[in-house]
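Student: Quick one, fold the following:
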Amino acid sequence: MPQMHFVLSSHIVAIGYDEDQQAFHVRYGPMLKHPAGRVAIYQGVPPDVAQDIMQAPSIGGAVSAMLKDTYPFEYQ
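Tutor: Numbering: from 1, shown residues only. All right, here's what the predicted structure looks like:
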């Protein structure tokens, strides 16, 4: 697992990116769609997309717009 960075978000606790695996890791907080505390690993995420998400003013909005429904994920 890559180094995780805590973020200010209503639904996301931390994010991290593994460039070698092109895997974006999202640790979700309490919400209905994702189990709290679990890490969703989005596969096939290019480095430029990961960088855009990490620099976005709204991490939750960026994850929703750039990852969900675009890249497959699994929970760890």
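Student: Please tell me I have it right and residue 27 contacts residue 9.
Tutor: No. Taking C-beta atoms under 8 Å as the definition, residue 27 is not a contact partner of residue 9, at 10.3 Å. For glycine as for every other residue, the C-beta is placed from the backbone atoms N, C-alpha and C.
Student: got the buried residues for stretch 14-30?
Tutor: For stretch 14-30, the neighbour count (16 or more other C-beta atoms under 10 Å) marks 14-17, 22-28 as buried.
Student: how many other residues sit next to residue 2?
Tutor: Neighbour count for residue 2, taken as other C-beta atoms under 10 Å: 16.
Student: and it, what does it touch?
Tutor: Counting by C-beta atoms under 8 Å, 6 or more residues apart in numbering, residue 2 touches 16-18, 23, 25.
Student: Please apply the same query to residue 16.
Tutor: By C-beta under 8 Å, 6+ apart, the contact list for residue 16 reads 1-5, 24-25.
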